Each structure stands twice: as structure tokens, then as C-alpha cells.
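Trainee: okay, sequence plus prediction incoming.
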Amino acid sequence: MATFKREYLFNSLFLAITALSSFLVIALLLGIFLVLLKESLPAFQRFGFLGFILSSSWDPVKENFGGAIPLFGTLVTSFFALILAIPIALGIAIFITEVAPKSLREPIGMAIELLAAIPSIIYGMWGLFTLAPIQSKYIEPFLQKTLGSLPYFGKLFSGTPLGIDIFTASLILSIMIIPFTASVARDAFQLVPPVLKESAYGVGATKWEVIKDVVIPYCKLGILGGIGLSLGRALGETMAVAFVLGNLNQFPSSLFSATATVTVKLANEFTEADKDIHLASLFYLALLLFIMSFTILAIAKYFIQRTGTK
Amino acid sequence: MKKYLFIILSILLLISCKAKEEAPKVSGKTLNGAGATFPYPLYSAWASAYYKEKGIKINYQSIGSGGGIRQITERTVDFGATDMALKPEEVEEKRLLQFPTVIGGVVISFNLPELGDKRLVLDGETLCKIFLGEIKNWDDPKLKALNPGVNLPSKPITPVYRSDGSGTTAIFTHYLSDVCPKWAKEIGFGTSVNFKAGIGAKGNEGVANYVKRTPYSLGYLEYAYAVQNKIRAADLKNAKGKIVSPSVESFKEAAKTSQLDPAKHFYAWMTNAPGEGAWPITGATYILLAKEKAEVNKEVLKFFDWAFQAGDKTALELHYVPLPEEVKSKVREYWKNQGL
């Protein structure tokens, strides 16, 4: 009887600990949110909401702060990173699930997932010392010569190719998010019931037709979810872009111009922000980023869950 | 039950071990400081030598000047450090003490393949206009007038600045504000300012790397960094109209001739100093103390007094410029007047 009681005690203690751990995380999330809210209050009171997100001024000397440029920069770099990453990631996922021989699937999948294990500061340093020079010397002048002469579209490639710009930042970001998009898409593709594919092959469809008309439509939501997850990561990525974006408070005029993102501003200015309103404005930016990526991740999770239950 | 006993015993054992370990430390104190990143290599070198000699540990964390000011204002550290001196009224209001420790200079690095082994000469006005984006090309008449006989190409200048907040930027922009009314009015000075032209790079290493591999660019670097990496720097025309090269001597000259006033807690900018041989972009890095903590301050000052006596060699080895003796004695006098 005594042992039973003790076991019971242990059991409930164990359950309590697991519950505590989970609630701790939620409390932590809430706590971080509250701290951001509290610290950004002075900036909120001074600049308001619309006044802050629509103002493009960021002048620590005159104490006039607005978040339009970093917020815009965050969206633009993430957007271009997605454009570069999605086709490659989908290609990888299709290759692994549909095309590659079974013996190759595991090693390739592993190699791609290992990309995600590289710390982002390494991407940043590699970007500054290796990729940026290559970009400014070879890739960007080449793009300017070829795509730069296109009507309308060519404007994206104007300006002096300096290598520290949106294009380089997006390229690095895209390399960083490919593993996420690819692995979520692969998992989604594997959920396609074999019966569907086999019947398609049975009526004479080619591999391309099966992928295009059966696999991708079936996994639409899963792919969207994967894209959302990657977007969340791209929005919040700091060190990889801090080195190659320049922290210039100006709206970009082309892919080859420097600008700022929220995280780049934070990484660059947090340590030396010696005025209270400067610090509060940085916290304000952090809060907006928090809300932005939180919302996007929540939507992405929702999509991924829907594919699972279908 | 045995299990519990074992656990309790081992915990007790651990505690007693820890107590034993801490016992000798009671005699050797630890002083905690935090702040500016610029003097960090020097302070930690001084600290380790001081520990060997006196057994007192100095724990300095380079969290940035802003953080240093905040921490000492909230009294969470024994001393704070900042690259940008607080104004006398701020020092009073926060009940702090402030004094300089070492001098640093900012140099102009550039990439001009046509220059060969000739020297490049700049002055405040041209530098300001380059960073305002008004002087756009290397063959601008202003640059030509400063560099007679130098083949200046018709290529656009790319100014490079620090994208991260930094004391180096503060000194540099203060100099531009000194010599250029338009800069003072439109941009001003601070650890991060709203640069109008050019491209930002992160840290000294970012600027150096960028200038090195981009022909026709020009950026500002901390002197120690430029020396360690053997980066060429331009000469400048100073307040007296003399052309000077950046060197330990010209930094010292700037410190000697600038108005470091103990009554103002040494709040002064050494930029554009009036000395004949003074390098115009010079600044000091500062220590902040909590005024009411007399006991702790005495310990901290023992360390800096020791550093003033024995630390010059280390400073020079690390390419920092020690304070000239005149300034050191002023600082010591300031300590005395504060009853320390």
C-alpha cells in the first residue's frame, strides 16, 4: 500500500512538472511581450502607432524616430528571399520524394537539413568576406548588363553594384530558409496517398503531370505552411543580414541599394543607444517585429495542421 | 531512504566545497565594470596584469557605451565606461564622477589605386562635403588643390561609414560638426547619426574590409585597428592649417592642447584641437563612477592609478595612446578634490 501511495505521488509530481514546463514557456512568451510593450511605451507615446510606422526618419541626434524604412526593408528582403528560395526548395522536395532513387533520398535530405545547422553568424561573415566581393565584381554587373536593359523590370538592377545590398542579403536569407521550406514541403509530399499517384500513372500521366496535377494541388496548404514558416524565420534573421545590408536609413531604389531591416537596426544600434527615446524606439521596432512574425507563424501552423488532418 | 540521505549529503558536500573555494576570495575583491567596447582590449590587459600583481580581480564587460552609462546610473556595476563623455550637468544629475583614461584617434582610410606611394591630404571641409555627398568625384577641384601633383582620377567617391553605433562615429561626426556648419545643422554628432551619403559597414573590420576591396572608396577607422592591419591613412590639415599624419605624437598633442577641465568633469571634445601638430580627429574614452560609493571608488581608482603608472607600455603595445602626464596629473587632482 505504501509503495502504491509513493508511486502515485511520484506520478502526480511528474505530471505537475511537465505541466509546469509547458506553462513556463507560455509565461515566458507573455513576459517577453510585456517587456517589449513596457520598454517601447515612451516611443509609442511620443510617436504614436501610425506616426511611427509611416515615418521614414531615423535620426538619433535630433531624436526623431520612425519605423517605415526598417519595416519595409524587412518585408522586401524576406520577399525576395522567398522568391529565390521557393523554386529551389520545391525542386529539392520533388526530387527527394518523387525522382531520386531510394538510396539517394536519405543522404540528400540529411545534407539539406544540415544547412539549417550552420549558425547564422557564419552566413553573415561568409556573406561579407566572400559573397559580397563576388557579387559586386561578377554577379551584379552581369545582371545589370543582361536583365538591366529590360523595360520596367530593368530598374530593379540599377545603381552601383557594391555587394552590400538587398540582393546579397536576400540571397543569403534564401540559402538559410531553403532547408525549412524543403523539409516541410517534403513532409507534405509524403502525405499524398500512393493510391492517387498510382491511379494517375495508371491512366497514362507522365511524372511531370503527376507532380503538377496531383502532388502539388494535394499539398497546397502544406507548401503554403512551409513558406510561412520560412518567412517567419527570414523576418527575424539578424546576424546573417546585419553584415551585408548596410543599415542605411533610406528607401531602396533598386535591388542593389543598401537599406535597413528591423533586426539589422537592432543589432547595429542596441549597444550604443545612449538616449532613452532611442532605446525605446528600438524596442518599439522589436515589438512590431514580434507581432509580425508571431502572426505569420500562427497562420503557417494553421495551414500545416489543415494538411495533416485532410 | 538511503537514497535521500545520499542526495542531501552530496548537496551539503557541494555547498561546503563551494564555501571553501570562496574563502580565499574574500581578501581579493572583484570589481565589476561595464561599458564601451573601444577600450575593452586595453582594460582587460590591464586587469590581468593588475590581478597578477595585487590579487584584485577587475571584471570588465564590453556591452557598449550606452549600456555602461545605464548600468552605472542604476548602480549595478562598480564603474561604467563610455566613449562619449557625459555633459557636466548630466554627470551631476546622475551623481557620477567622470575622468578620461586613454586617447584614441580616428583615421581616414581610402582606396585610390592611382596614388602610388604619394600621400593623400584632406581637410575638414572636403571630408565633410564627401560625407554629405556634395563632393562626388576624386578629381574635384577642392581635392586637386589639396593634392597638387597627384593624379586624381575622375571616379566617384564611395564614402563608407559605420552602420553600428560607435564611439568612433561620435568622434568623427563631432569633428565634422566642428569644421562644417552645414554638417552641424543637418546631421550633428553622436554614436549613430543619420548619414546622408555612402554605404554602411559593420564594425571597424567591416569598414576596413569594404575600403580594401572597393576601389575609390573612403572610410573612417579607429587608429588602433588601422595600425594593426597596416591600413594606409590620409593626412589631414588641422585647425592651425598644418598638415599632420596620424600618430601617437599627434594624438598626444591634441590631448595636451584641448580644454580638459576637471571642473566640468573633463567634458571636452579633443576634435579640431588647436595645437600645431595636433591630429584633428582625436577623442578620449572615459570612466564613470557612482559618487556616493566612496569605498568602492577608492578600490577602482587604485586600479586606474596603477594603470596610469605602469600601464602605458601595454597601452602603446595595443596601439592606444596613453594620456600625457599633464592630463594624468589633472585627473589625479580631480580624484583628490572629490575626496578619493
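Mentor: That came through, no problem. Keep in mind it's a predicted model, so treat the numbers as computed, not measured.
Trainee: near chain B, which residues of the stretch 1-150 of chain A?
Mentor: Selection of the stretch 1-150 of chain A residues close to chain B by Cβ under 8 Å from any Cβ of the partner chain yields A:57-62, A:128-129, A:133, A:136. No exception for glycine: its C-beta is placed from N, CA and C like everyone else's.
Trainee: so of the residues you listed, which ones are in helices?
Mentor: If you go by DSSP state H, the residues of the stretch 1-150 of chain A next to chain B have residue A:133 in helices.
Trainee: can you put the residues of the stretch 1-150 of chain A next to chain B in JSON lines and add pLDDT, neighbour count and distance to residue B:168?
Mentor: JSON lines is the format used below for the residues of the stretch 1-150 of chain A next to chain B (pLDDT from 0 to 100; neighbours: other Cβ atoms under 10 Å in any protein chain shown; distance: Cβ to Cβ, whole Å):
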{"residue": "A:57", "pLDDT": "88", "neighbour count": "14", "distance to residue B:168": "24"}
{"residue": "A:58", "pLDDT": "89", "neighbour count": "23", "distance to residue B:168": "19"}
{"residue": "A:59", "pLDDT": "87", "neighbour count": "18", "distance to residue B:168": "19"}
{"residue": "A:60", "pLDDT": "86", "neighbour count": "22", "distance to residue B:168": "15"}
{"residue": "A:61", "pLDDT": "85", "neighbour count": "18", "distance to residue B:168": "16"}
{"residue": "A:62", "pLDDT": "85", "neighbour count": "13", "distance to residue B:168": "21"}
{"residue": "A:128", "pLDDT": "85", "neighbour count": "25", "distance to residue B:168": "18"}
{"residue": "A:129", "pLDDT": "85", "neighbour count": "14", "distance to residue B:168": "21"}
{"residue": "A:133", "pLDDT": "86", "neighbour count": "16", "distance to residue B:168": "24"}
{"residue": "A:136", "pLDDT": "85", "neighbour count": "21", "distance to residue B:168": "24"}
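Trainee: before we move on, what SS does residue A:283 have?
Mentor: Of the three states, residue A:283 takes helix under DSSP: H, G, I helix; E, B strand; the rest coil.
Trainee: quick check: it touching residue A:33?
Mentor: No: assessed by Cβ atoms under 8 Å, residue A:283 is found out of contact with residue A:33, at 11.7 Å.
Trainee: who has more neighbours out of these two?
Mentor: The neighbour count for residue A:283 versus residue A:33, taken as other Cβ atoms under 10 Å in any protein chain shown, is higher for residue A:283 (23 against 14).
Trainee: how about the more buried one, what does it touch?
Mentor: By Cβ atoms under 8 Å, 6 or more residues apart in numbering or on different chains, the contact set of residue A:283 is A:36, A:39-40, A:43.
Trainee: most neighbours out of the residues you listed, which is it?
Mentor: Highest neighbour count within these: residue A:43, with 24 neighbours (other Cβ under 10 Å).
Trainee: distance of that residue from residue B:195?
Mentor: From residue A:43 across to residue B:195, the span is 22 Å (Cβ to Cβ, to the nearest Å).
Trainee: nearest to chain B among the contacts of residue A:283?
Mentor: Within the contacts of residue A:283, the smallest distance to chain B is 12.2 Å, found for residue A:39 (Cβ to the nearest Cβ).
Trainee: tell me the contacts of that closest one?
Mentor: A:279-280, A:283.
Trainee: okay, now the unreliable bits of the chain?
Mentor: Because you didn't say which chain, this covers chain A. Within chain A, the ranges that satisfy pLDDT under 70 run A:1-3, A:307-310.
Trainee: meant chain B, my bad for not saying
Mentor: Confidence mapping of chain B against pLDDT under 70 gives the ranges B:1-28.
Trainee: hey, which strand is longest across it?
Mentor: strand B:96-110 (DSSP state E).
Trainee: what is the helix or strand just after that one packed up against?
Mentor: Using DSSP states H and E, the helix or strand that follows strand B:96-110 in sequence is strand B:121-123. With contacts taken as 3 or more Cβ pairs under 8 Å, 6 or more residues apart in numbering or on different chains; DSSP states H and E, strand B:121-123 sits against helix B:141-146, strand B:235-237.
Trainee: so which of those gets nearest residue B:190?
Mentor: Proximity to residue B:190, assessed across the helices and strands packed on strand B:121-123 by Cβ to Cβ, is greatest for strand B:235-237 (21.6 Å).
Trainee: show residues contacting that closest one.
Mentor: Contact with strand B:235-237 is made by B:108, B:119-124, B:127, B:146, B:243-246, B:279-281, as judged by Cβ under 8 Å, 6+ apart.
Trainee: chain center to it, what's the gap?
Mentor: Per Cα atoms, centre = their mean, to the nearest Å, the displacement of strand B:235-237 from the mean C-alpha position of its chain is 20 Å.
Trainee: and the next helix or strand after that strand, how far out from the chain middle?
Mentor: Counting by DSSP H and E, the next helix or strand C-terminal to strand B:235-237 is strand B:243-244. Chain-centre distance of strand B:243-244: 22 Å, with Cα atoms, centre = their mean.
Trainee: now stretch A:100-108
Mentor: With Cα atoms, centre = their mean, you get 27 Å for stretch A:100-108.
Trainee: can I get that stretch as PDB, trimmed to CA atoms?
Mentor: Taking C-alpha atoms only, stretch A:100-108 is exported to PDB below (Å, rounded to 0.1, in the frame of the first residue of the first chain):
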ATOM      1  CA  ALA A 100      15.600  10.300 -56.700                       C
ATOM      2  CA  PRO A 101      16.400   6.600 -56.300                       C
ATOM      3  CA  LYS A 102      15.700   5.400 -52.800                       C
ATOM      4  CA  SER A 103      19.400   5.100 -51.800                       C
ATOM      5  CA  LEU A 104      20.000   8.800 -52.500                       C
ATOM      6  CA  ARG A 105      16.900  10.100 -50.700                       C
ATOM      7  CA  GLU A 106      18.300   9.900 -47.200                       C
ATOM      8  CA  PRO A 107      21.800  11.400 -47.800                       C
ATOM      9  CA  ILE A 108      20.500  14.300 -49.800                       C
END
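Trainee: now that stretch: buried residues?
Mentor: Buried residues in stretch A:100-108, counted by 16 or more other Cβ atoms under 10 Å in any protein chain shown: residue A:100.
Trainee: now the phi/psi pair for the residue positioned nearest the centre of chain A, please.
Mentor: Among the residues of chain A, residue A:234 comes closest to the average C-alpha position under Cα atoms, centre = their mean, at 1.9 Å. Dihedral angles of residue A:234 (phi, psi; degrees, to the nearest 10) stand at phi -60, psi -40.
Trainee: got a list of what the residue lying closest to it once chain neighbours are set aside touches?
Mentor: Spatial nearest neighbour of residue A:234, excluding adjacent residues (Cβ to Cβ, 6 or more residues apart in numbering or on different chains): residue A:78 at 4.0 Å. For residue A:78, the contact set (Cβ under 8 Å, 6+ apart) comprises A:170, A:173, A:231, A:234-235.
Trainee: against residue B:81, how distant is the closest residue to chain A within the stretch 1-150 of chain B?
Mentor: As assessed by Cβ to the nearest Cβ, chain A sits closest to residue B:64 within the stretch 1-150 of chain B, at 2.9 Å. Residue B:64 sits at a distance of 10 Å from residue B:81 (criterion: Cβ to Cβ).
Trainee: between the two, which contacts overlap?
Mentor: The contact sets of residue B:64 and residue B:81 overlap at B:35-36 (Cβ under 8 Å, 6+ apart).
Trainee: residue ranges of the helices in the stretch 1-150 of chain A, please?
Mentor: With helices called from DSSP state H, counting those that start in this stretch, the stretch 1-150 of chain A shows them at A:2-47, A:50-53, A:68-94, A:102-115, A:120-126, A:132-134, A:140-146.
Trainee: tell me which element residue B:188 is part of?
Mentor: Applying DSSP H and E, one finds residue B:188 in no helix or strand.
Trainee: from chain A, how far out is it?
Mentor: From residue B:188 across to chain A, the span is 4 Å (Cβ to the nearest Cβ, to the nearest Å).
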